[in-house]
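J.: when you get a sec, could you give me coordinates for this:
(chains A and B)
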Amino acid sequence: MARAGELTTSHGMVPTPAFMPVGSQGTVKTLSPADLRSTGVDIILGNAYHLFLRPGIQVVEGLGGIHRFTGWDGPILTDSGGYQVFSLAALRHVDDKGIAFRSHIDGTEYFLAPEIAIEVQEGLGADIIMTLDECHRHDLDEASTREAMERTHRWAIRCLNSHRRSDQALYAIVQGGTSMTLRRESARFLTALGFPGYAIGGLSIGEPKALMWTLIEEVVALLPADRPRYLMGVGAPDDIIRAVARGVDLFDSALPTRVARHGGVYTNAGRFNLRNAEYRLSDRPLDQSCDCYTCRTFPVAYLHHLFKCEEMLAYRLATLHNVRFMVCLMAQVRSSLSAGSFDSFKKEFLDRYQPSDEQVRITQKQKWLETRSRQNASG
RNA sequence: GGAGGGGUGCCGGAGUGGUUAAUCGGAGCAGACUGUAAAUCUGCCGCCUGAAAUGGCUGCGGAGGUUCGAAUCCUCCCCCCUCCA
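T.: A predicted model of the protein is given here:
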């Protein structure tokens, strides 16, 4: 099931499975393009909705396109704005023609149709662009889910028909909510249209995890083997490993960067929070096995201090680390795939990253004992 | 020496007879975040007990008093600030 591959784009090759950090507004928050380069990231994500509202497509296009504008000359994928239909639900109205939006910035009303989503994304000039889809809450009833899915399909055709730039790959997005029937139908329908790549959208938004995995398995089985499969919005390290095992090639998520800004850092031993008092005196690097600038340079106590002070450097250093962590994770995934040892890599990683309840209990007890002895020593 | 104002939990600061272990901030302690309206949001936060619920104790400068009931009313004392001498 799991597989390694390559994605060829106008701005370079991307080995897969790959993770894309999210940079909706033309920046992966807190990181410069040079910072991004230093993490080894191959491809990043931008967002048509955000850049359409601000600064406006004419601005980006006039300044030479998204690569020139943002200073990132590597591959970029832009999302169509379909996700904002879901996340900005209170501010929009959807019908067959498209989506009537109220800008979250100033309340101005805008209209986004499939053709406009393509026009916008062609103007931005990303390497991979997405069809406009309707992403909805996971617990929608079956009839409404079908309605949204069929609309997504009609919009996919319209996107395909209006897409002109041959240097951009247009990917379709499978929808169908939590219905196995609809997901299958969606995968079949879109596959028949012959897109260069396929995304699975509308998952990891609150539905049970077990269901998500089953849906992914079903959909992947129906997608063409020679096209990339992109699971949208999934980016927790353990989720990625599980999805790769089911044949997914491409991921994006705001999680690693957002979690970093909130003090959460990934390590091979799991995720921890730099703000926690237990790191106040720690002189160890954040992750012994990580070679990122943050880990090479600073003791954990300093990072803890920066977070407690809400210093901006905290957000950047943590983001730098988490992105590097994701990059390394994906590189390990790929090398284990080519070595034929992915299954054991997966098992080892998950055991380390997500210890069993028994192990968690022991760790917690140790922590408690350490805290107590520290308190006794200091007072 | 005279006149006025004030002392509330780690800090700031509400509250002027019951529904107050005490509004609200901050600090502190945890948690959540998955195609980024997010440097955001949520919970806990006197002490002891407990996983929790519960239970017990202490409590609004100090000491008395009034009252069924006091951070809130009265008396005395201590301390701080402003103005006048």
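J.: with adjacent residues omitted, what lies nearest to residue A:284?
T.: If you skip the residues right next to it in sequence, residue A:284 has residue A:300 as its closest partner in space, 5.7 Å away by CB to CB, 6 or more residues apart in numbering. In short, each C-beta sits where N, CA and C put it, glycine included.
J.: ok, the one you found touching residue A:287?
T.: No - with contact defined as CB atoms under 8 Å, residue A:300 does not count as touching residue A:287 (9.5 Å).
J.: and the helix or strand hosting residue A:117, how far from the chain's centre?
T.: Applying DSSP states H and E as the criterion places residue A:117 in helix A:114-124. In this view, helix A:114-124 has its centroid 21 Å away from the chain centroid, taken as CA atoms, centre = their mean, to the nearest Å.
J.: partners of the helix or strand following it, with directions?
T.: Along the chain past helix A:114-124, the next helix or strand (assigned with DSSP H and E) turns out to be strand A:128-130. Within its sheet, strand A:128-130 is paired with strand A:76-79 (parallel), strand A:169-174 (parallel), according to DSSP bridges.
J.: quickly check: the next helix or strand after strand A:128-130 near RNA strand B or not.
T.: Going down the chain from strand A:128-130, the next helix or strand is helix A:142-162, by DSSP H and E. No - using CB under 7 Å from any atom of the strand as the criterion, no contacts between helix A:142-162 and RNA strand B are found, and the smallest distance is 8.7 Å.
J.: returning to that earlier point: what comes up buried for the helix holding residue A:117?
T.: Within helix A:114-124, the residues that qualify as buried by neighbour count (16 or more other CB atoms under 10 Å) are A:114-124.
J.: for stretch A:100-111, same thing?
T.: Under the neighbour-count rule (16+ other CB under 10 Å), stretch A:100-111 has A:101, A:110 buried.
J.: does RNA strand B have contacts with it?
T.: Yes - for a cut-off given as CB under 7 Å from any atom of the strand, stretch A:100-111 has contacts with RNA strand B, namely residue A:104.
J.: packing partners of the longest helix along chain A?
T.: Ranked by residue count, the top helix of chain A under DSSP state H comes out as helix A:312-338. Other elements packing on helix A:312-338 under the criterion 3 or more CB pairs under 8 Å, 6 or more residues apart in numbering; DSSP states H and E are strand A:18-21, helix A:33-39, helix A:237-244, helix A:255-261, strand A:264-267, helix A:293-297, helix A:300-308, helix A:342-353.
J.: now render these as TSV, adding mean pLDDT, mean neighbour count and distance to residue A:80.
T.: Conversion of these to TSV gives the following (pLDDT from 0 to 100; neighbours: other CB atoms under 10 Å; distance: least, CB to CB, whole Å):
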stretch	mean pLDDT	mean neighbour count	distance to residue A:80
strand A:18-21	98	25	15
helix A:33-39	98	17	23
helix A:237-244	97	22	21
helix A:255-261	98	22	20
strand A:264-267	96	22	29
helix A:293-297	98	17	33
helix A:300-308	98	20	35
helix A:342-353	95	15	32
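J.: closest one of the buried residues of helix A:114-124 to residue A:261?
T.: Within the buried residues of helix A:114-124, the smallest distance to residue A:261 is 24.8 Å, found for residue A:124 (CB to CB).
J.: which helix or which strand is home to residue A:107?
T.: Following DSSP H and E, there is no helix or strand that holds residue A:107.
J.: distance between the longest helix of chain A and the chain's centre?
T.: Between the centre of helix A:312-338 and the centre of its host chain there is 13 Å, according to CA atoms, centre = their mean.
J.: go on, stretch A:65-82?
T.: Centroid displacement of stretch A:65-82 relative to its chain, using CA atoms, centre = their mean, is 15 Å.
J.: how about stretch A:255-272?
T.: On CA atoms, centre = their mean, the centre of stretch A:255-272 falls 14 Å from that of its chain.
J.: end to end on stretch A:56-75, go ahead and measure it.
T.: With CA to CA, to the nearest Å applied, stretch A:56-75 spans 21 Å between its terminal residues.
J.: quick one: is it near RNA strand B?
T.: No - no part of stretch A:56-75 sits near RNA strand B under the criterion CB under 7 Å from any atom of the strand; the closest distance found is 13.5 Å.
J.: what comes up buried for that stretch?
T.: Using 16+ other CB under 10 Å as the test for burial, stretch A:56-75 gives A:57, A:60-61, A:65-67, A:69-70, A:72, A:74-75.
J.: distance to residue A:330 for these - can I get that in TSV?
T.: As requested, the buried residues of stretch A:56-75 are arranged in TSV below (distance: CB to CB, whole Å):
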residue	distance to residue A:330
A:57	31
A:60	28
A:61	31
A:65	26
A:66	23
A:67	22
A:69	26
A:70	22
A:72	18
A:74	15
A:75	14
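J.: tell me which of those fall in helices.
T.: The subset of these located in helices under the criterion DSSP H comprises A:57, A:60-61, A:66-67, A:69-70.
J.: just the buried residues of helix A:114-124 that are near RNA strand B?
T.: For RNA strand B, no contacts are drawn from the buried residues of helix A:114-124 by CB under 7 Å from any atom of the strand.
J.: neighbours of the closest residue to residue A:157 other than its chain neighbours, how many?
T.: In space, not counting the residues next to it along the chain, residue A:157 is nearest to residue A:193; the distance is 6.7 Å by CB to CB, 6+ apart. The local packing count at residue A:193 equals 13, with neighbours defined by other CB atoms under 10 Å.
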